[in-house]
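Q: let me see the structure of the following:
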Amino acid sequence: MTIIRGKISDLPEINLVIAQAVMAWPMPERIKRLSVPVLCYDSEDFKHYQFMLYQQGDISAGVVVWNAQTLVKTAKGQGYLMHGLYVAPNCQGRGIGRQLMQQVFSRAADAGADGVLVKAERAALGFFEQCGLEPLPAISQADYPYQFWHKLS
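A: Just a heads-up that it's a prediction; the model follows:
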């Protein structure tokens, strides 16, 4: 097991993990198929986000994407946005998602953030709750409905 920083040349692997994860979500097939292209990344995204891949041998089993450049103000403090966390379905339940999150938490703490903001998909709410992240209520109708906060020490 290794966690590496993703490069543009890793985009096919990154997007494969995302597609596999989304296609396992508990929702209608049509919605999953429509969601995959929206949730996948392109080379332009490397200007704004940092990608980290969890690799087992030659296979990428998980990916976390976060904005390591811009602090976001929240009611809990200033934090970096964790934009996406995806684990291939056949690798879920092994702690890969938690290890990827810990990488983000560690790097955000080193950068001086108060915490990490997570905007989650409905299918992942239970995971983030189980990991002990604090749900943040939407303040207005324009807010993303499923947000969590992880306070850094």
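
Q: going forward, measure contacts between C-alpha atoms and count neighbours the same way
A: Will do.

Q: which strand in this structure runs the most residues?
A: If you go by DSSP state E, the chain has its longest strand at strand 77-87.

Q: mind giving me the packing neighbours of the helix or strand just after that strand?
A: Downstream of strand 77-87, the first helix or strand assigned by DSSP states H and E is helix 96-110. Under the contact criterion of 3 or more CA pairs under 8 Å, 6 or more residues apart in numbering; DSSP states H and E, helix 96-110 touches strand 50-56, strand 59-66, strand 77-87, strand 115-119.

Q: closest to C40 out of those strands?
A: Nearest of the helices and strands packed on helix 96-110 to C40, taken as CA to CA: strand 77-87 at 9.9 Å.

Q: need the contact partners of the longest strand of the chain.
A: Applying CA atoms under 8 Å, 6 or more residues apart in numbering, the external contacts of strand 77-87 come out as 17-18, 21, 61-73, 96-97, 100-101, 104, 108, 113-120.

Q: what do you get if the cut-off is 6 Å, keeping everything else the same?
A: Residues outside strand 77-87 that contact it (CA atoms under 6 Å, 6 or more residues apart in numbering) are 18, 21, 61-67, 71-72, 113-118.

Q: list the buried ones in that strand?
A: Within strand 77-87, the residues that count as buried by 16 or more other CA atoms under 10 Å are Q78, G79, Y80, L81, M82, H83, G84, L85, Y86, V87.

Q: ditto for stretch 69-78
A: L71, Q78.

Q: point out where this protein drops to low pLDDT.
A: Judged against pLDDT under 70, the chain has no low-scoring part.

Q: rerun that using 90 as the cut-off
A: Residue ranges of the chain with pLDDT under 90: 1, 57-58, 75, 122-123, 137-144, 153.

Q: residues contacting the closest residue to K7 other than its chain neighbours?
A: Of all residues not flanking K7 in the chain, F51 sits nearest, at 7.4 Å (CA to CA, 6 or more residues apart in numbering). Neighbour list for F51: R5, G6, V64, V65 [criterion: CA under 6 Å, 6+ apart].

Q: C40 too?
A: Residues near C40 by CA under 6 Å, 6+ apart: N15.

Q: check L133 too.
A: Listed by CA under 6 Å, 6+ apart, the contact set of L133 reads F148, W149, H150.

Q: tell me which element the last one falls in.
A: Looking back up the chat, that one is H150. In the assignment (DSSP H and E), H150 maps to strand 147-151.

Q: that strand: partners in the sheet, and parallel or antiparallel?
A: Applying DSSP bridges, strand 147-151 is found paired with strand 115-119 (antiparallel), strand 134-136 (antiparallel).
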